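after the sequence you'll find the predicted model.
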Amino acid sequence: QVQLVESGGGLVQAGGSLRLSCARSGRSIATYAMGWFRQAPGKEREFVSAISWSGGNTNYADSVKGRFTISRDNAKNTVYLQMNSLRPEDTAVYYCAAEPILTDYAPTYHDYAYWGQGTQVTVSS
């Protein structure tokens, strides 16, 4: 069983930055791809970013490319999402997810096996 706990959310002004963290407990994430998703009020959950188990492959939604950076530290069992140049439309609950995977791929699909409870990010204009 893998448990994920997100942290780092909060209120920030447009143009500001936040760094989200997702800490894992349970089995090692060394063979798990990790992803970040978000859900804004009244909208469906959407893919934000993903990173392969080695960290060598990443994927980003077009809306965050060039502004967000995903990274991971397998020794600390933690994945990060550095969010810069935040916009009001980035306001959402951000979820961390883990997907057991045999290849070094960063999946963009939504059907990850394990999910955190989410952390709120609010960007004021």
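Structure's in. What do you need?

just give the nearest non-adjacent residue to the residue nearest the centre of the chain, would you?
The chain has residue 36 as the residue nearest its centroid, 2.4 Å off, counting by C-alpha atoms, centre = their mean. Distances taken as C-beta to C-beta, 6 or more residues apart in numbering put residue 48 closest to residue 36, at 4.3 Å, once the chain neighbours are dropped. Just so you know, the C-beta spots here come from the backbone N, C-alpha and C atoms, and that holds for glycine as well.

residue ranges of the strands in this structure, please?
For the chain, the strands defined by DSSP state E cover 2-7, 10-13, 18-26, 32-39, 46-51, 58-60, 68-73, 78-83, 92-100, 114-115, 119-124.

on that earlier part again, next, count neighbours for the residue nearest to residue 36.
A count of nearby residues for residue 48, using other C-beta atoms under 10 Å, gives 24.

who's in contact with it?
35-38, 60-61, 64, 68, 81, 94 (C-beta atoms under 8 Å, 6 or more residues apart in numbering).

determine which two of the residues you listed are furthest apart.
60 and 94 (14.0 Å; C-beta to C-beta).

right, I'll leave it there.
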